[in-house]
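*Asks:* what shape does this take:
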Amino acid sequence: MTETYGIHDVSVRPIVSGGARLSIPVRIVGIDKEANEVRFFGKIVGSADSISASTIHLFKNLFLESGGLEPLFRVGDSAEQMVRHQHETVEAIRSAGVPTARSYGYYHLDQDVWIVISEYIVGLPLSITRSITDEQMDDVFGYVQRMHRAGVYHGDIKAENILIGDRIYFVDVGDFADSSTKEQKEAYDLASLTGSLSEFRSPESVVATARRHFSPKALAEATQYLDLVQTRPDTSFANEIKEKLIRLMRR
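*Replies:* Predicted coordinates for the structure are as follows:
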């Protein structure tokens, strides 16, 4: 941080986050040349994290295949590939005009341990605020539509990755397989978004907002991934909610 970003008196502290299963998130604080305190966000990824990611993606793919769907997620990435993908995809999201933390770069630390450095954003994830207004929800769907129109797909939309600060931010990303089609990736992002938001708002309001930004066909195709979204440890909605979402999204 001193050599590349020109700060001194650097402090690196882990951030407690229930949603961080494949990395160690850290807050980096230092003093710049003008004697101002500056902050960065970092994610440290090692070989154990890449193995965990591959295992999780493998089981997601097996779950999809057991239901007659094509596998969606990349298996076998190294720690270096994970941080490179994080950096490149986040910057693509930002280039599409969607608010996110600027990614500054990724760096080799030791052996198979890497870090990706990004802007530090002040805000709280939806998983903590547990509240989202009609206007914010409309922004969320609008931003996802903007991503998709630019050919960028998030892959890990969940309440933990929707940050509420001075505006709505999308943080972090998942990793789709190269063989996944744009229709499949769009459908999974939509399933993840509708399922996650239905933890805090009624399915009727979520789907009504979604229809302002996505076609009936796109919403109907998303329903095939709601079973997978429901099984994830980072989402929590009842079968009754899922069935209601399916009925509303297939109209």
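
*Asks:* where in the stretch 101-250 of the chain is pLDDT low?
*Replies:* The stretch 101-250 of the chain contains no residues with pLDDT under 70.

*Asks:* how about the strands in it?
*Replies:* Applying DSSP state E, counting those that start in this stretch to the stretch 101-250 of the chain gives strands spanning 103-110, 113-119, 124-125, 162-164, 168-170.

*Asks:* for the ones you listed, which one sits closest to Leu248?
*Replies:* Among the strands of the stretch 101-250 of the chain, the nearest to Leu248 by C-beta to C-beta is strand 162-164 (20.8 Å). All C-beta spots, glycine's among them, are computed from the backbone N, C-alpha and C.

*Asks:* for that closest one, which strands pair with it and how are they oriented?
*Replies:* Here strand 162-164 has these sheet partners by DSSP bridges: strand 124-125 (antiparallel), strand 168-170 (antiparallel).

*Asks:* what sits up against the last one?
*Replies:* Surrounding strand 168-170, the residues in contact under the criterion C-beta atoms under 8 Å, 6 or more residues apart in numbering are 93, 98-101, 121, 123, 136, 139-140, 143-144, 147, 154, 157, 161-163.

*Asks:* go through stretch 55-72 and flag the buried ones.
*Replies:* By 16 or more other C-beta atoms under 10 Å, the buried positions in stretch 55-72 come out as 56-57, 60-61, 64, 69, 71-72.

*Asks:* and of the strands paired with strand 162-164, who's closest to Gln230?
*Replies:* Closest to Gln230 of the strands paired with strand 162-164 is strand 124-125 (C-beta to C-beta; 19.6 Å).

*Asks:* ok so Arg13 is a helix residue?
*Replies:* No: assessed with DSSP: H, G, I helix; E, B strand; the rest coil, Arg13 is strand; it does not lie in a helix.

*Asks:* that one and Val26 touch, don't they?
*Replies:* Yes: here Arg13 reaches Val26: they are 6.3 Å apart, a contact under C-beta atoms under 8 Å.

*Asks:* comparing those two, which residue is more hemmed in?
*Replies:* Val26 (17 against 9; other C-beta atoms under 10 Å).

*Asks:* ramachandran angles for that one?
*Replies:* Phi and psi for Val26, reported as degrees, to the nearest 10, are phi -140, psi 150.

*Asks:* related to what we said a few turns ago, closest one to Glu204 among the strands paired with strand 162-164?
*Replies:* Going by C-beta to C-beta, the one of the strands paired with strand 162-164 nearest Glu204 is strand 168-170, 21.1 Å.

*Asks:* what's the most distant pair in the buried residues of stretch 55-72?
*Replies:* Ile56 and Leu69 (16.9 Å).

*Asks:* quick revisit: mind putting the strands of the stretch 101-250 of the chain into JSON lines with mean neighbour count and distance to Val45?
*Replies:* Rendered in JSON lines, the data for the strands of the stretch 101-250 of the chain read as follows (neighbours: other C-beta atoms under 10 Å; distance: least, C-beta to C-beta, whole Å):
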{"stretch": "strand 103-110", "mean neighbour count": "15", "distance to Val45": "9"}
{"stretch": "strand 113-119", "mean neighbour count": "21", "distance to Val45": "5"}
{"stretch": "strand 124-125", "mean neighbour count": "16", "distance to Val45": "20"}
{"stretch": "strand 162-164", "mean neighbour count": "21", "distance to Val45": "20"}
{"stretch": "strand 168-170", "mean neighbour count": "21", "distance to Val45": "19"}
